[in-house]
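Student: show me the folded form of this:
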Amino acid sequence: MTGPPIITCPDCVGLACRVEICGCREGGGVYLIAADRPGPIGSAWSDCVRCDGDGTYVVPCESCRRQGRRRAHLVATVANVDTGAVASADFRPGGGAHAHPQPDGHGGWHLDLTPMLRRLADRVGVTVMHRLGSPDRPVTGLTLPIERTWRPELPADQRYAREAAAVARHARASWLVYLGPLPPTGPLQTSPLQTGRPTLAELGRLALGLGLSVRITVCDHRDDPGRPTSHRSVSWSVEAVGRGPSSAGTAPLAPLYPTLAAAVRCAWETLEIAIIEAVPADPAGPIVVPQASPVDTDTAARHWSAVARRARELAYGNPGRTVLAVLDHDGERATVQRATTSPRRRSPGVRALLDGEPTG
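Tutor: Residues are numbered from 1 along each chain as shown. Here you go, the predicted model:
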């Protein structure tokens, strides 16, 4: 497969920065709090510290993540949080099997990716889904508007350029993740999407299915190793991270939460950040296209319980030091590590304590 299609960022025209009009120009040549003074509207305030009296200032272009270029392809992923099944598709402009431009009913054209999304949902057994981070907004389709100058009779290179711009404008992160539960089979059936309180096994199963890694940090804060531990003396953190260059080099979080359940809930709420960070900032970098089969709930629960128990036991034997457990899909094996720095700071590095020992 060739590299991802890339276009010049239309917002910054390839400069990786944009010129913004300073708010001081709305004050008629004076500072905003004194805007009632006479003065021509539109002139800059000479003493403005933001624009130095110029009336404009330069800001980094966040649309292209300061690259000057943007990807012109999307990866759509649908995950069933109740089974761990994941299906993905890579959409690129220029036709292909997924979508061709169609009339939008209003004199324009769009790329309708709804059939592709429905096929992914059917593969994982999802009937109702939502975008990650928007649990109250069910998704019924996915369309990408194309600029109104697109016409079927245009030369192929011009049609492609307009379709590529439509794809690039849709999502800065380029990886769209949709979540859905199983269809309800009874009035008492619940899903993590409904309760907002997933277990470590549910979070871990989903994260690994999406091609992410899971970090669990725990610290026993006892001053005396011989004193029985109490619930309040242990702190936890859990986070999902991508395995790309932008995420792999980040230090693990220091333990911040008094219970494992609270740490898991925070990781669930910030999963969208992990997805964004898993996409390389360089538009030439590849995006993961995850696929995963269903994982038995009981098996996942036993596996992740063993991981948490092992980390807790290591923390009990090493009071005052942070224990880090890192799990990913590399051979379905876990590496348990121990940080040698204070648990109240991000650890600059870790050394392997039990390297490659299976945990489940």
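
Student: which residue ranges of the stretch 101-250 of the chain form strands?
Tutor: According to DSSP state E, counting those that start in this stretch, the stretch 101-250 of the chain carries its strands in the segments 101-103, 109-112, 129-131, 138-139, 143-146, 175-180, 213-220, 234-241.

Student: give the partner strands of the fourth one in its sheet and their orientations.
Tutor: Meaning strand 138-139. strand 129-131 (antiparallel) (DSSP bridges).

Student: ok, which of the strands of the stretch 101-250 of the chain comes nearest V326?
Tutor: strand 213-220 (5.5 Å; CB to CB). Quick note: C-beta positions are derived from backbone N, CA and C, even for glycine.

Student: and Y178, bridged to which residues?
Tutor: Beta-bridge partners, per DSSP bridges, of Y178: V78, R131.

Student: list the contacts of it.
Tutor: 76-79, 117, 120-121, 126, 129-132, 139 (CB atoms under 8 Å, 6 or more residues apart in numbering).

Student: so which of the strands of the stretch 101-250 of the chain gets nearest T322?
Tutor: strand 213-220 (4.8 Å).

Student: so for the residue lying closest to L260 once chain neighbours are set aside, what's the pLDDT?
Tutor: Distance criterion CB to CB, 6 or more residues apart in numbering; nearest residue to L260, sequence neighbours excluded, is W236 at 4.9 Å. On pLDDT, W236 comes in at 91.

Student: now W236: how far from T56?
Tutor: W236 sits 48 Å away from T56, going by CB to CB, to the nearest Å.

Student: the closest residue to L256 other than its chain neighbours pairs with what?
Tutor: Using CB to CB, 6+ apart and skipping residues adjacent in sequence, the residue nearest L256 is S237, 5.3 Å away. Per DSSP bridges, the residues bridged to S237 are T217.

Student: who touches S237 in this structure?
Tutor: 215-218, 252-257, 263, 266.

Student: what does L154 give?
Tutor: L154 touches R162, counting by CB under 8 Å, 6+ apart.

Student: any idea how far it is from A99?
Tutor: With CB to CB as the criterion, L154 and A99 are 18 Å apart.

Student: same check, this time on H221
Tutor: Taking CB to CB, one finds H221 at 55 Å from A99.

Student: give me the more crowded residue out of these two.
Tutor: A99 (21 against 16; other CB atoms under 10 Å).

Student: tell me the pLDDT of the more buried one.
Tutor: pLDDT recorded at A99 is 74.

Student: what sits against it?
Tutor: 91, 111-113, 115-116.

Student: that one sits in which helix or strand?
Tutor: Here A99 sits in a region with no helix or strand, counting by DSSP states H and E.

Student: next up, phi/psi of V75, please.
Tutor: Note on V75: backbone dihedrals following degrees, to the nearest 10 are phi -110, psi 120.

Student: from D220, how far out is it?
Tutor: Per CB to CB, V75 is found 41 Å from D220.

Student: and N318, by the same measure?
Tutor: N318 is 7 Å from D220, by CB to CB.

Student: and for E20, the neighbour number?
Tutor: Residues contacting E20 under the criterion other CB under 10 Å number 12.

Student: that one bridge partners, please.
Tutor: Counting by DSSP bridges, the residues bridging with E20 are Y57.

Student: tell me the pLDDT of it.
Tutor: On the pLDDT scale, E20 is placed at 87.

Student: that one: what's it in contact with?
Tutor: Taking CB under 8 Å, 6+ apart as the test, what E20 contacts is 56-59.

Student: try T270
Tutor: T270 neighbours (CB under 8 Å, 6+ apart): E239.

Student: how many residues are close by P135?
Tutor: Residues near P135, counting by other CB under 10 Å: 12.

Student: same check, this time on A311
Tutor: Using other CB under 10 Å: A311 sits among 24 other residues.

Student: may I have the helix or strand containing it as CSV, with CA atoms only?
Tutor: Per DSSP H and E, A311 falls inside helix 297-317. C-alpha atoms of helix 297-317 as CSV (Å, rounded to 0.1, in the frame of the first residue of the first chain):
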residue,chain,number,x,y,z
THR,A,297,-15.7,-11.3,29.6
ASP,A,298,-14.6,-13.8,32.3
THR,A,299,-11.2,-14.4,30.7
ALA,A,300,-10.6,-10.7,30.4
ALA,A,301,-11.6,-10.2,34.1
ARG,A,302,-9.2,-12.9,35.3
HIS,A,303,-6.4,-11.6,33.2
TRP,A,304,-6.7,-7.9,34.3
SER,A,305,-7.3,-8.9,37.9
ALA,A,306,-4.0,-10.8,37.9
VAL,A,307,-2.2,-7.7,36.4
ALA,A,308,-3.6,-5.4,39.1
ARG,A,309,-2.9,-7.9,41.9
ARG,A,310,0.7,-8.4,40.7
ALA,A,311,1.3,-4.6,40.6
ARG,A,312,-0.3,-4.2,44.1
GLU,A,313,1.9,-7.0,45.5
LEU,A,314,5.1,-5.4,44.1
ALA,A,315,4.0,-2.0,45.6
TYR,A,316,3.5,-3.6,49.0
GLY,A,317,7.0,-5.0,48.9
